[in-house]
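Student: Sequence plus predicted model, see below.
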Amino acid sequence: VRQTVWEVKRSDTVEAIAAMFQHIPCAYIADGHHRTASAVKVARQMREEAKAAGTYTGREPFNYFLSVLFPASQLTILPYNRVVKDRCGLSADQLVERVRQAGFTVESANAPIAPQEAGRMGMFADGQWWNLSLGQELAQQVAAADPVSALDVSILQEQVLSPILGIGDPRLDPRISFVGGIRGTDELERCAGTEGVAFSMCATGIDQLLAVADAGLLMPPKSTWFEPKLRSGLFIHQIHK
């Protein structure tokens, strides 16, 4: 990915950017929610301190933070796959049976699975890949669910990771790791080894992402891998001098 930078030299940069935004109906925070929230909290605190000191102007550096805008048509979302270090004492065959009981159709595969449509997942355990798809009853439940519950990562969490593999909170459980789709299925096999299990996911769609935001809901953790990515450290914005 080539990173190109142009410097804009004009005294009314802020006003010019604000004028451009008059033609943009809305913008979504697709990545960096925690960084955005942190920047807001710091700005509010420093704003109150400046107001108390009688020095607040609204143009202080802490009122701004770095961001980048992409048109939705130029943003690519890759899958965020899951690997669990162990199978909770289950053999691969036992795990397959439990997944079937959870409402999935399970078929063995002769090659790695990289799902290309929602409702399909790949599972790797003990050197074997399986193709997972939603059974009729589970598919009906998903069709009636809210935008977050209908996401493949939510279905996997609620139907497999939590009740079968004991992953209650994927944010905190050290047994689970997340592998960006850009690293491929070979990395999933390596991470799962002989004791664990890996799940390859279909990428979350842009429409799904926007539907979640429009509903005022939050995406599950590690559910999207965005490309292109900017060079880390290319710019630094000091909020306090």
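Tutor: Arrived safely, thanks for sending. Numbers count the residues shown, from 1 in each chain.
Student: confidence score at the residue lying farthest from the centre of the chain?
Tutor: In the chain, the residue that sits farthest from the middle, by Cα atoms, centre = their mean, is G54; the gap is 41.7 Å. At G54, the model reports a pLDDT of 95.
Student: Assign V106 to helix, strand or coil.
Tutor: Assigned by DSSP: H, G, I helix; E, B strand; the rest coil, the conformation of V106 is strand.
Student: correct me, but it touches V96?
Tutor: Yes. Applying Cβ atoms under 8 Å as the test, V106 and V96 come out as touching, 5.4 Å apart. Yep, even glycine has a C-beta here, placed from its N, CA and C like the rest.
Student: what sits in contact with each of those two?
Tutor: Common neighbours of V106 and V96, counting by Cβ atoms under 8 Å, 6 or more residues apart in numbering, are M123, W130.
Student: Got phi/psi on the residue farthest from the centre of the chain?
Tutor: Phi and psi for G54, reported as degrees, to the nearest 10, are phi 70, psi 20.
Student: Next: I182.
Tutor: Backbone torsions for I182, taken as degrees, to the nearest 10, come to phi -70, psi -20.
Student: What is the burial count for it?
Tutor: I182: 13 surrounding residues under other Cβ atoms under 10 Å.
Student: what is the nearest residue to it once chain neighbours are set aside paired to in the beta sheet?
Tutor: With Cβ to Cβ, 6 or more residues apart in numbering as the criterion, I182 has its nearest non-adjacent residue at 5.5 Å, and that residue is L78. Each beta-bridge partner of L78 is listed here: W225, as defined by DSSP bridges.
Student: Pretty sure L78 sits against R183.
Tutor: No. The criterion here is Cβ under 8 Å, and L78 misses it with R183 at 9.5 Å.
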